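*Asks:* quick check, what structure comes out for this input:
(chains A and B)
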Amino acid sequence: QVQLQESGPGLVKPSETLSLTCTVSGDSISNYYWSWIRQSAGKGLEWIGRIYTTGSTNYNPSLKSRVTMSVDTSKNQFSVKLTSVTAADTAVYYCARELRTDSGLDVWGQGTTVTVSS
Amino acid sequence: QSVLTQPPSASGTPGQRVTISCSGSSSHIGSNAVNWYQQLPGTAPKLLIYSNNQRPSGVPDRFSGSKSGTSASLAISGLQSEDEADYYCAAWDDSLSLNGLYVFGTGTKVTVL
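*Replies:* Now for the predicted structure:
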């Protein structure tokens, strides 16, 4: 079955760039939307954005100026970069799959904790 | 930033029926399908209901979803101890000023008494 695995640094310094990659196994990355979601400690879920396998993106307006997503179909991976991070960006970051707009996020990674601290 | 409002908590005894509401507006719930997610403690969210009332394979039929106008509901019938979790509704927002925004509800913690 399809599995998603997030990877990247667990600690990022303030003002630097947070970079995470999600590796898809068990299925092709093609023909799906791929999202990033985050959750601060004890808080709710926040959608960061998504990318289609053609490279088309949608970003949360509240983060749009700092977010860039990319996809590498040859490696079955997609990535997110968040610039100029602050302590408010400390969270568990999840990647997830979406078949179409009304199908929901049906497969999730286990999540990776990113702490922003000097 | 969440614009989908849920009650912070809900509870019931084993076997009871629990209902969680999700209130939104015409730009999201009123225009798009509602999805529901279950998040067990310390784990990633899991898709519970998609397209308002559809259950993914493997989700027990104790869970059901509905939508009316700008509100949606998740019902858990025959509540079980393993249903103790956080539940989130979600929908796409079609506001003209946005280029697509997926919004989650504020979340509801279900406690099995």
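*Asks:* can we go C-alpha only for contacts and neighbour counts from here?
*Replies:* OK.
*Asks:* hang on, residue B:82 is in a helix, isn't it?
*Replies:* Yes. Applying DSSP: H, G, I helix; E, B strand; the rest coil, one finds residue B:82 inside a helix.
*Asks:* flag every residue of chain B that's near chain A.
*Replies:* Residues of chain B lying near chain A by CA under 8 Å from any CA of the partner chain: B:32-35, B:43-47, B:50-51, B:92, B:98-107.
*Asks:* narrow those residues to those in strands?
*Replies:* B:34, B:35, B:46, B:47, B:92, B:101, B:102, B:103, B:104 (DSSP state E).
*Asks:* what distance do you get for the closest residue to the fifth one other than its chain neighbours to residue B:39?
*Replies:* Leaving out its chain neighbours, the residue that sits closest to residue B:92 by CA to CA, 6 or more residues apart in numbering or on different chains is residue B:102, at 4.4 Å. Going from residue B:102 to residue B:39 by CA to CA, to the nearest Å gives 18 Å.
*Asks:* of the two, who's got more company?
*Replies:* Each of residue B:102 and residue B:39 has its neighbours counted (other CA atoms under 10 Å in any protein chain shown); residue B:102 has more, 22 against 19.
*Asks:* which pLDDT value belongs to the more buried one?
*Replies:* Residue B:102 is assigned 95 on the pLDDT scale.
*Asks:* residue B:98 now?
*Replies:* pLDDT, residue B:98: 68.
*Asks:* what residues of stretch A:68-87 count as buried?
*Replies:* For stretch A:68-87, burial by neighbour count (16 or more other CA atoms under 10 Å in any protein chain shown) applies to A:68-71, A:76-80, A:82-83, A:85-86.
*Asks:* let me fix that, I meant to ask about stretch A:3-14.
*Replies:* Applying 16+ other CA under 10 Å to stretch A:3-14 flags A:3, A:4, A:5, A:6, A:7, A:12, A:14 as buried.
*Asks:* quick check: which element contains the last one?
*Replies:* In this case it means residue A:14. Per DSSP states H and E: residue A:14 is located in neither a helix nor a strand.
*Asks:* so what's it up against?
*Replies:* Residue A:14 makes contact with A:84, A:85, A:86, A:87, A:116, A:117, A:118, according to CA atoms under 8 Å, 6 or more residues apart in numbering or on different chains.
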